[in-house]
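Participant: No sequence on hand, only this structure:
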């Protein structure tokens with residue numbers, strides 16, 4: 001376990017400045033596109049899902065008359 005924590009600490013020490021350099025000099029543009037995170041797309045739910053909870057707010061359909 002001691003070896004793991006040693007490698008973990010060195011990994012954090014090296015990763016923080018390297019990630020800042022990549023961000024600062026915009027080196028992501030040289031990476032292939034499959035390594036970049038996918039863009040978020042809007043999720044379209046089917047109409048069968050009447051009243052559901054999205055982000056904490058209840059959205060009711062006309063069938064739910066409470």
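Facilitator: In hand now; what should we look at? Fair warning: this is a prediction, and the values are worked out from it, not measured in the lab. Numbers count the residues shown, from 1 in each chain.
Participant: can you give me the strands in the protein?
Facilitator: 52-54, 57-59 (DSSP state E).
Participant: What is the burial count for residue 44?
Facilitator: 6 (other CB atoms under 10 Å). Quick note: C-beta positions are derived from backbone N, CA and C, even for glycine.
Participant: Count the neighbours of residue 30 for me.
Facilitator: Neighbours of residue 30 using other CB under 10 Å come to 8.
Participant: need the contact list for it.
Facilitator: Under the criterion of CB atoms under 8 Å, 6 or more residues apart in numbering, residue 30 has no neighbours.
Participant: ok, now residue 24?
Facilitator: Taking CB under 8 Å, 6+ apart, one finds nothing in contact with residue 24.
Participant: Please tell me how far it sits from residue 30.
Facilitator: 14 Å (CB to CB, to the nearest Å).
Participant: again with residue 17
Facilitator: 18 Å.
Participant: Next: residue 39.
Facilitator: Distance of residue 39 to residue 30, computed by CB to CB: 19 Å.
Participant: How about the contacts made by residue 21?
Facilitator: By CB under 8 Å, 6+ apart, the neighbours of residue 21 are residue 27.
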